[in-house]
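Trainee: no sequence on hand, only this structure:
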């Protein structure tokens, strides 16, 4: 545990490129894309080669990290120092916060001894990603001196639209991206107000979404994509075939009105 | 001019992987990212190396293609066949449609003789991109046999959020991405309804946006990013410093309420 003095730490955001204080390392948030190792950027690969440590989010202590698996498809990680940070997927708020605090302490410890750390996330680091929680835990820790740099990644939204060959938005069109934790009234209004609506992690709420789309006459405008950019990718236009099926966590629906 | 028989052509979207008819080539829509050549994906580079022809959108006949310039930063294009397709930026609807028709005919001609064509676009091919117009022109041409594959790219939205180190959305947050052609009432409502609002090509409407953000008490929640991912990148938190300035075409504003 090498938690810095609270008043010593702030998030710089890597915008103003503050002077690197003393021996402190840089924290990189690196998006590794939706699942296909070929969808990593040249920048992600360079940064991951250059840093001292790759920090990897895991949902279980005994399982494999999905993000690390993707990386192995395109990089030789032999001899690379890897820290696994465990975050339970289904726990209460306090337990989750404790996990993030532990992760933050682990990362701070490495930055504090001058090591550069790259935290990898599936998709993009700033769109529904584990990296945001880590940033928030660091922010709550206060102070100045942590330099953060973001390497953007191909998000699952762009990957799903590519797999389905459906434009997200063009010209004067408006696009809404909303998670599966929406309330029905809000979703109804959003479907009325926007040209394209992307529902994230839709697997949890398919039984509510399909009747609503039917009611609004939009069922034929919807396309379901699971595991976009993976070998197991699935693109489904007839939503009725999904009824009663166990659907993957990486499920997205694109509803395009025009 | 080698326009196919209308009944022969449909867009498959690359989903169902239809049998490649006869000698027809594949059309790739390839996103090359926001401007930094390092933000190309491995897949984009592989596809661009493998195809027979790279098709490049240009806004002027006498200027350089920006997309091609980005590509030159990371690939050796020596000996590669390149088709330049010119699309005027400011012309009337009919003239634009004529440009897209010419582009479509040019692309069809190459596909027809069995050549694979990769059309490159800045950012992602399916989010406010020139490739969407080309797809629509092909769709209006009817028929079956054109196989389209999309290689997603880092969009300017993800690049801007990375440059500003501002999360787009997390957990149950809702994200809206809207172009600068909005009406004020719609923008007002969207700013109320969504946790994060991204305004594309905001340079055109800064004089309207700033007073609206002031009225809604959101001016301090906004961050302006121009040319994200380019060397000339600029991230501005104090919007007042932008007043009266000539702003770049690649300008984005992120308004994050929390």
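Mentor: Structure received. What you are looking at is a predicted structure, and each value in this text was computed from that prediction instead of being measured.

Trainee: state the distance from residue A:249 to chain B.
Mentor: Residue A:249 sits 15 Å away from chain B, taking Cβ to the nearest Cβ, to the nearest Å as the criterion. Quick note: C-beta positions are derived from backbone N, CA and C, even for glycine.

Trainee: ranges for the strands of chain A?
Mentor: Secondary structure of chain A (DSSP state E): strands at A:26-31, A:53-58, A:81-86, A:117-121, A:147-151, A:175-178, A:196-200, A:222-226, A:234-236, A:251-256.

Trainee: ok, the last one: who's next to it in the sheet?
Mentor: By that I understand strand A:251-256. Strand pairing for strand A:251-256, using DSSP bridges, gives strand A:196-200 (antiparallel), strand A:222-226 (antiparallel).

Trainee: next, format the strands of chain A as CSV and append distance to residue B:225, mean neighbour count and mean pLDDT.
Mentor: Listed next are the strands of chain A as CSV, based on distance: least, Cβ to Cβ, whole Å; neighbours: other Cβ atoms under 10 Å in any protein chain shown; pLDDT from 0 to 100:
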stretch, distance to residue B:225, mean neighbour count, mean pLDDT
strand A:26-31, 17, 26, 98
strand A:53-58, 26, 22, 94
strand A:81-86, 29, 15, 92
strand A:117-121, 21, 24, 97
strand A:147-151, 12, 23, 96
strand A:175-178, 18, 26, 97
strand A:196-200, 22, 25, 97
strand A:222-226, 29, 24, 97
strand A:234-236, 33, 18, 96
strand A:251-256, 26, 25, 96
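
Trainee: as JSON lines, these with distance to residue B:68 would be great.
Mentor: Output for the strands of chain A, formatted as JSON lines (distance: least, Cβ to Cβ, whole Å):
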{"stretch": "strand A:26-31", "distance to residue B:68": "25"}
{"stretch": "strand A:53-58", "distance to residue B:68": "34"}
{"stretch": "strand A:81-86", "distance to residue B:68": "39"}
{"stretch": "strand A:117-121", "distance to residue B:68": "31"}
{"stretch": "strand A:147-151", "distance to residue B:68": "24"}
{"stretch": "strand A:175-178", "distance to residue B:68": "27"}
{"stretch": "strand A:196-200", "distance to residue B:68": "29"}
{"stretch": "strand A:222-226", "distance to residue B:68": "31"}
{"stretch": "strand A:234-236", "distance to residue B:68": "31"}
{"stretch": "strand A:251-256", "distance to residue B:68": "30"}
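
Trainee: in the stretch 101-250 of chain A, where is pLDDT below threshold?
Mentor: Counting by pLDDT under 70, the stretch 101-250 of chain A contains low-confidence ranges at A:142-145, A:182.

Trainee: and the residue of it that's closest to chain B?
Mentor: Chain B sits closest to residue A:165 of the stretch 101-250 of chain A, with a gap of 3.0 Å, by Cβ to the nearest Cβ.

Trainee: and chain A, what are its domains?
Mentor: Per the record, chain A has its domains at A:6-151, A:156-256, by automatic domain parsing.

Trainee: next, the distance between the ends of the shortest one.
Mentor: End-to-end distance for domain A:156-256: 17 Å, by Cα to Cα, to the nearest Å.

Trainee: and what of stretch A:126-133?
Mentor: Distance between the boundary residues of stretch A:126-133 (Cα to Cα) amounts to 10 Å.

Trainee: does chain B sit close to it?
Mentor: Yes. Judged by Cβ under 8 Å from any Cβ of the partner chain, stretch A:126-133 and chain B are in contact via A:126-129, A:132-133.

Trainee: also stretch A:169-179?
Mentor: Yes. Using Cβ under 8 Å from any Cβ, stretch A:169-179 reaches chain B at A:169-179.

Trainee: show me which pair in the residues you listed is furthest apart.
Mentor: Greatest spatial distance in those: A:171 and A:179, 26.4 Å, computed using Cβ to Cβ.

Trainee: on that earlier part again, save the strands paired with strand A:251-256 as JSON lines, and put in distance to residue A:80 too.
Mentor: Shown next, in JSON lines, are the strands paired with strand A:251-256 (distance: least, Cβ to Cβ, whole Å):
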{"stretch": "strand A:196-200", "distance to residue A:80": "31"}
{"stretch": "strand A:222-226", "distance to residue A:80": "31"}
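
Trainee: out of the ones you listed, which gets nearest to residue B:70?
Mentor: Going by Cβ to Cβ, the one of the strands paired with strand A:251-256 nearest residue B:70 is strand A:196-200, 26.3 Å.

Trainee: the domains of chain A into a markdown table, with extra columns for distance to residue B:214?
Mentor: Below are the domains of chain A laid out as a markdown table (distance: least, Cβ to Cβ, whole Å):
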| stretch | distance to residue B:214 |
| --- | --- |
| domain A:6-151 | 23 |
| domain A:156-256 | 23 |
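
Trainee: compare those and give me the one nearest residue B:77.
Mentor: Closest to residue B:77 of those, according to Cβ to Cβ: domain A:6-151, at 16.2 Å.

Trainee: dump the residue contacts of residue A:256.
Mentor: A:166-167, A:195-196, A:221, A:223 (Cβ atoms under 8 Å, 6 or more residues apart in numbering or on different chains).
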